[in-house]
Every structure is written in C-alpha cells, then in structure tokens.
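Participant: Here's my sequence, what's the structure:
(one chain, ligands or ions: 2)
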Amino acid sequence: MKLLVIGNGGREHALAWKLSQSPRVHKVYVAPGNAGTAVEPQLENIPLTQTADLIEFARKQHIAITVVGPEIPLAAGIVDAFQAAGLKIFGPSQKAAQLEASKVFAKEFMRRHHIPTASYARVTDSVSAHAYLDQQSAPLVIKASGLAAGKGVVVAQTLDQARDAIEAMLVEKHLGDAGSEVIIEEFLEGIEVSFIVMTDGDHVLPLVTSQDHKRLLDGNLGPNTGGMGAYSPTPFVPPSMHAQIMRTIIDPTINGLKQEGIRYTGFLYAGLMITADDQVKVLEFNCRLGDPETQPIMLRLKTDLLALIEHAVNGTLDQAEIEWDRRAALGVVMAVQGYPDNPRKNDEIHGLTDLMVKQSHSGDFHIFHAGTQLSQDGKTMMTAGGRVLCATVLGENLRIAQQSAYQLIDQIHFDGCQMRRDIGYQGIHYQRKK
Ligand code: AMP
Ligand code: GLY
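Facilitator: Ligands and ions are numbered 1, 2, ... in the order given. As a prediction, this is how the structure comes out:
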C-alpha cells in the first residue's frame with residue numbers, strides 16, 4: 001500500500017516514519033518533505049505543494065490514504081478537494097479547520113457551547129479597541145484572528161504594549177488580513193499542556209498527553225516560537241483531570257460542531273492552561289497535530305498508525321485499540337541562529353551519519369528532521385533555517401529521557417545552533433516535589 005504525507009516539518013517526518021512501519025505499507029511519499037524524509041528507508045520526497053498537483057499524483061500512484069500535517073493546506077480546503085476527487089484523506093474539512101484558522105470563530109464557538117476559555121472581546125477597529133483597553137488592566141493577550149505562523153499572539157505585560165500590538169495589527173496591518181480582526185483576551189496564569197485526540201466526527205480517541213516549550217529560552221523566557229521541545233506523558237494531567245478535559249472540552253467541542261452541521265475528522269489539538277485551582281481552560285485549538293509534540297508521541301505509539309487512521313476515515317474509531325510504550329519520551333529541538341525572527345541557513349550538520357545507523361537498530365531514539373537539506377552533490381546534510389532537528393528519546397522516566405536526549409544532542413553539531421537546555425523541567429520538578 002502507498003501513502004502520502006503532506007508537509008515538511010519534524011511532525012511530518014515522525015508521521016511518515018511511523019506510517020512506514022506498518023506491515024501493509026511499502027512506500028510513504030512526503031510532499032515536499034525534508035532531507036530527513038529523503039534519506040529514510042521506505043520514504044520518498046516528491047516536490048509538490050499545489051493541491052491540484054497532489055490530487056493528480058495521488059490518483060496516478062493509487063495512494064490509499066493521504067495524511068495532512070500542517071494547518072495551512074487544511075484551512076485552504078485540501079481535504080474537501082481530495083474528497084471531491086474521490087480520494088481518501090485524513091484531516092478536517094475547511095469548515096472544521098476554522099477552529100484554528102479563525103480565533104474569532106473558535107472563541108464564539110466556545111462561548112456558544114460553554115467550553116471554558118479566557119474571557120475576551122472581539123475588535124475590528126482601533127478606536128473601539130483602545131476604548132475597550134481603557135477599561136482593562138494588564139497583563140492582557142492580543143491575538144490576530146487569522147493564521148499568522150506563530151506571530152499572531154502578543155502577551156502584553158503593560159497597557160502600552162497592548163496598544164502597540166493593536167496598532168500593529170489593526171492600523172499598520174503587519175499581519176495582513178490575518179490581523180484585520182483581533183481578540184483581546186484575559187491573561188491566564190498556570191501550566192500549559194497539549195491535549196491531542198483523533199476523531200472520526202462521532203468517536204474520539206485521545207492520544208497520550210504532552211507538554212510543549214513555546215518560549216525560545218530556558219525557564220520559559222524569551223519570544224514565542226513554534227516549540228523548542230516536548231515530552232510525553234505530562235504529570236500535569238492525571239487521570240481525574242484527563243476525564244475533566246474530555247467531559248468539559250473535547251466532547252462538547254466535537255458534539256457542538258456536529259450540532260452546527262460540521263463533522264470534524266482528523267487530529268484535534270487543544271492547547272490548555274491549567275490554573276492554580278485545577279481549572280482547565282482552552283488557550284487555542286489547532287486542527288492538526290502539534291510540532292514538536294508529535295515526535296515524542298509517535299515514538300511512544302506501539303499500534304499501527306495506519307490502522308488508526310483507517311478507523312478514523314471509515315467512522316469506526318470506537319473499534320480502534322491503541323497501545324503506548326509506558327516509558328516517557330522527550331524531544332529537544334535544535335534551531336538555527338536567529339530563529340525565530342532572522343534564521344540563518346546553509347551550515348553543515350555534523351554527527352548525524354553515525355546516529356542514523358544506531359537509531360535504525362535501537363528503536364529507542366530517533367532524530368526527526370525539519371529545516372534540513374542535502375547539499376547539491378547529495379553528500380552533506382545542511383541546515384535550511386528555522387527548527388532543524390528534534391532529537392527524541394524514550395527513557396524509563398522523564399528525568400532519564402531528558403538526560404539521554406541531551407547526550408544524543410551533544411553528538412550533533414552545526415554552527416550557530418540554538419537550543420534549550422531545560423526541556424521537561426516543569427514536569428521533572430513537579431514529580432520530584434510529589
Ligand atoms: P495561542 O497561539 O493562542 O496558543 O498563543 C500562543 C501562546 O501565547 C500560548 O501557547 C500561550 O503561551 C500564550 N497565551 C495565549 N493565550 C494566553 C492567555 N489567555 N493567557 C496567557 N497566555 C496565553
Ligand atoms: N507546538 C505547538 C504547535 O504545534 O502549535
């Protein structure tokens with residue numbers, strides 16, 4: 001059977017790698033993929049990004065199922081287009097993807113269905129935005145409604161910062177159309193976790209819990225990024241809280257969409273804030289898997305991912321059984337100098353060749369690629385900007401997984417590498433206290 005994965009990040013490398021382990025799969029194409037997916041056995045990159053080209057490819061190659069990684073093609077309606085062409089694809093429709101693509105839609109949806117989230121106001125002109133800010137106190141969060149590649153959220157510590165963000169989005173149009181509608185949101189304090197499920201629109205299969213590290217620097221300082229590392233499971237979601245999240249957030253979301261005539265099929269990611277009094281509120285929905293959360297989650301998944309996706313596409317997810325490695329998994333991202341604002345590229349990456357041989361024998365770790373490319377002669381692995389690699393390992397517990405991940409990282413080198421040295425610290429600290 002042949003499959004197609006759409007995207008080029010670490011998340012897509014992990015998805016394609018996991019899918020290729022299915023005994024029924026002999027080839028996974030990745031469009032467009034990265035240098036990691038180019039050199040992985042059973043994976044093959046294809047240089048296509050346009051929906052029409054991908055549909056033609058899927059038809060000609062008799063692709064059994066296509067799996068979409070990133071939000072942009074989902075929000076642009078790739079699932080609707082594949083289905084209209086009679087092709088099987090796993091991901092939400094354009095309407096369902098609004099949950100991520102429009103923060104205004106998401107907030108109003110949560111309000112209609114009593115799903116706990118920060119209180120907010122929706123503004124479209126700067127005069128009413130400033131009038132609203134006159135009655136508020138900092139900190140506040142200013143969010144562009146549309147997709148902004150991680151640049152659409154400003155956590156304003158002062159009212160002046162909030163006003164600047166409003167001006168940048170609504171007047172100076174720094175984010176284009178994505179910032180033409182803005183949410184001004186109550187600031188929530190607490191621990192952030194990622195809660196990701198698969199759904200066929202009727203049934204929900206939760207994946208294991210995880211925690212991302214969005215800030216660039218150790219101690220959760222510095223600017224927001226796409227995510228500098230993640231681990232799974234997180235001790236911040238014990239079983240009672242898991243049940244609470246399913247009851248108050250996930251089930252009402254899937255059912256609420258259904259009531260509104262939207263059947264959600266795909267991965268659904270709820271970014272959650274757990275406050276000091278154990279309240280859980282939604283920070284954001286994503287209509288896809290998280291990156292880098294996917295990397296540790298896929299390393300822990302023991303079940304054939306293809307079988308799960310088939311159940312989801314066929315509406316029989318209630319019959320799916322899922323098995324996880326009981327160990328912890330932790331992934332550390334190596335990014336280029338200047339990430340996220342001004343990434344440099346074209347530095348040679350050293351140390352990967354030996355590790356690739358070892359990882360194929362071990363199964364306890366994997367180096368997932370994102371911003372990598374092969375040199376013109378195809379012999380040298382080079383950086384291509386942004387997040388470059390995510391070194392992901394399994395360990396008996398979180399602390400051991402963290403140590404092993406950094407031992408692995410210390411064998412890889414490229415000029416200008418940036419990374420955090422504390423991935424997993426909140427979870428490890430919490431477990432030590434208990
Ligand atoms: P979002 O894209 O909405 O998840 O926002 C990006 C990041 O901004 C989140 O991961 C949080 O770290 C932070 N953030 C978003 N909304 C809030 C909020 N209401 N209170 C505190 N931090 C927030
Ligand atoms: N890691 C956060 C995200 O994928 O949005």
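Participant: Worst mean pLDDT across the helices and strands of the protein, which element?
Facilitator: Sorting the helices and strands of the chain by mean pLDDT, DSSP states H and E puts helix 352-362 at the bottom, at a mean of 87.
Participant: Now do that one: distance to the chain's middle.
Facilitator: Relative to its chain's centre, helix 352-362 lies at 26 Å (CA atoms, centre = their mean, to the nearest Å).
Participant: and if you look at stretch 109-129?
Facilitator: Counting by CA atoms, centre = their mean, stretch 109-129 is centred 24 Å from the centre of its parent chain.
Participant: buried residues in it?
Facilitator: Residues of stretch 109-129 classed as buried: 109-110, 115-118, 120-123, 126, 129 (neighbour count, 16 or more other CB atoms under 10 Å). Glycine gets a C-beta too; all of them are placed from N, C-alpha and C.
Participant: try stretch 8-22
Facilitator: 8-20, 22.
Participant: re the thing from before, C-terminal to the least confident helix or strand of the chain, what's the next element?
Facilitator: Next along the chain after helix 352-362, taking DSSP states H and E as the criterion, comes strand 365-369.
Participant: partners of that next one in the sheet?
Facilitator: Within its sheet, strand 365-369 is paired with strand 387-395 (antiparallel), according to DSSP bridges.
Participant: now the angle between helix 352-362 and the strand it pairs with, please.
Facilitator: Per axes from the mean of the first three to the mean of the last three CA atoms, to 10 degrees, the angle that strand 387-395 makes with helix 352-362 is 30 degrees.
Participant: Strand 387-395 close to ligand 2?
Facilitator: No: using CB under 6 Å from any ligand atom, strand 387-395 stays clear of ligand 2, coming no nearer than 10.2 Å.
Participant: What residues sit buried inside the following helix or strand past that strand?
Facilitator: Next along the chain after strand 387-395, taking DSSP H and E as the criterion, comes helix 398-409. Buried residues in helix 398-409, counting neighbours by 16+ other CB under 10 Å, are found at 398-399, 401-402, 404-406, 408-409.
Participant: and if you look at stretch 158-168?
Facilitator: Residues of stretch 158-168 classed as buried by neighbour count (16+ other CB under 10 Å): 159, 161-163, 165-166, 168.
Participant: Just put the buried residues of helix 398-409 in CSV and tack on pLDDT and distance to ligand 1.
Facilitator: Output for the buried residues of helix 398-409, formatted as CSV (pLDDT from 0 to 100; distance: CB to the nearest ligand atom, whole Å):
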residue, pLDDT, distance to ligand 1
L398, 98, 21
R399, 98, 24
A401, 98, 22
Q402, 98, 21
S404, 97, 27
A405, 98, 22
Y406, 98, 24
L408, 96, 26
I409, 96, 24
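Participant: can you tell me how far Q94 sits from E284?
Facilitator: For Q94, the distance to E284 equals 18 Å [CB to CB, to the nearest Å].
Participant: what's near enough to touch the nearest residue to G9 once chain neighbours are set aside?
Facilitator: Closest residue in space to G9, ignoring its immediate chain neighbours: A370 at 4.7 Å, by CB to CB, 6 or more residues apart in numbering. Contact analysis of A370 by CB atoms under 8 Å, 6 or more residues apart in numbering lists 8-10, 13, 34, 36, 291, 333, 386-390.
Participant: now for those residues, which pair is the farthest apart?
Facilitator: Across these, the longest distance by CB to CB is 15.3 Å; it joins N8 and V333.
Participant: so where does the one residue in the stretch 251-400 of the chain that gets nearest to ligand 1 fall, helix or strand?
Facilitator: In the stretch 251-400 of the chain, the residue that lies nearest ligand 1 is E284 (3.5 Å; CB to the nearest ligand atom). Taking DSSP H and E as the criterion, E284 maps to strand 280-286.
Participant: Show me what that strand packs onto, helices and strands only.
Facilitator: When contacts are defined as 3 or more CB pairs under 8 Å, 6 or more residues apart in numbering; DSSP states H and E, strand 280-286 packs onto helix 94-101, helix 103-112, helix 239-245, strand 266-274.
Participant: Report the inter-axis angle for the very next helix or strand once past the third one versus strand 280-286.
Facilitator: When you say that, I think you mean helix 239-245. Once helix 239-245 ends, the next helix or strand along the chain (criterion: DSSP H and E) is helix 251-259. Angle of helix 251-259 versus strand 280-286, following the same axes, to 10 degrees, is 50 degrees.
Participant: So which bits of helix 251-259 are buried?
Facilitator: Those would be 252-254, 256-257, for helix 251-259 by 16+ other CB under 10 Å.
Participant: repeat for stretch 149-160
Facilitator: 151-156, 159.
Participant: Same check on stretch 348-363?
Facilitator: By 16+ other CB under 10 Å, the buried positions in stretch 348-363 come out as 349, 352, 355, 359.
Participant: and if you look at stretch 80-88?
Facilitator: Buried residues in stretch 80-88, counted by 16+ other CB under 10 Å: 80-82, 87-88.
Participant: Which members of the residues you listed are positioned in helices?
Facilitator: 80-82 (DSSP state H).
Participant: hmm, who's touching the strand holding E284?
Facilitator: So strand 280-286 is contacted by 71, 99-100, 103, 106, 110, 115-118, 188, 192, 241, 244-245, 248-249, 253, 268-275 (CB under 8 Å, 6+ apart).
Participant: Intersect the residues you listed with the contacts of ligand 1.
Facilitator: With CB under 6 Å from any ligand atom as the criterion, these include 118, 188, 192, 271 near ligand 1.
Participant: so who does the second one touch?
Facilitator: Taking CB under 8 Å, 6+ apart, we find L188 in contact with 118, 273, 275, 281, 283.
Participant: List the contacts of the residue nearest to it when sequence neighbours are not counted.
Facilitator: Spatial nearest neighbour of L188, chain neighbours left out: M273 (4.5 Å); criterion: CB to CB, 6+ apart. By CB under 8 Å, 6+ apart, M273 lies in contact with 118, 188-192, 280-281, 283.
Participant: Could you pull up the residues touching Q418?
Facilitator: Applying CB under 8 Å, 6+ apart, we find Q418 in contact with 216, 334-337, 339.
Participant: give me that answer again for 6 Å
Facilitator: A335 (CB atoms under 6 Å, 6 or more residues apart in numbering).
Participant: phi, psi of it?
Facilitator: Per-residue torsions, Q418: phi -120, psi 140 (degrees, to the nearest 10).
Participant: distance of it from I250?
Facilitator: Distance from Q418 to I250, by CB to CB: 34 Å.
Participant: And the residue of the stretch 101-250 of the chain that's closest to ligand 2?
Facilitator: As assessed by CB to the nearest ligand atom, ligand 2 sits closest to G227 within the stretch 101-250 of the chain, at 3.4 Å.
Participant: make that the stretch 251-400 of the chain, sorry
Facilitator: Nearest residue of the stretch 251-400 of the chain to ligand 2: G290, at 3.5 Å (CB to the nearest ligand atom).
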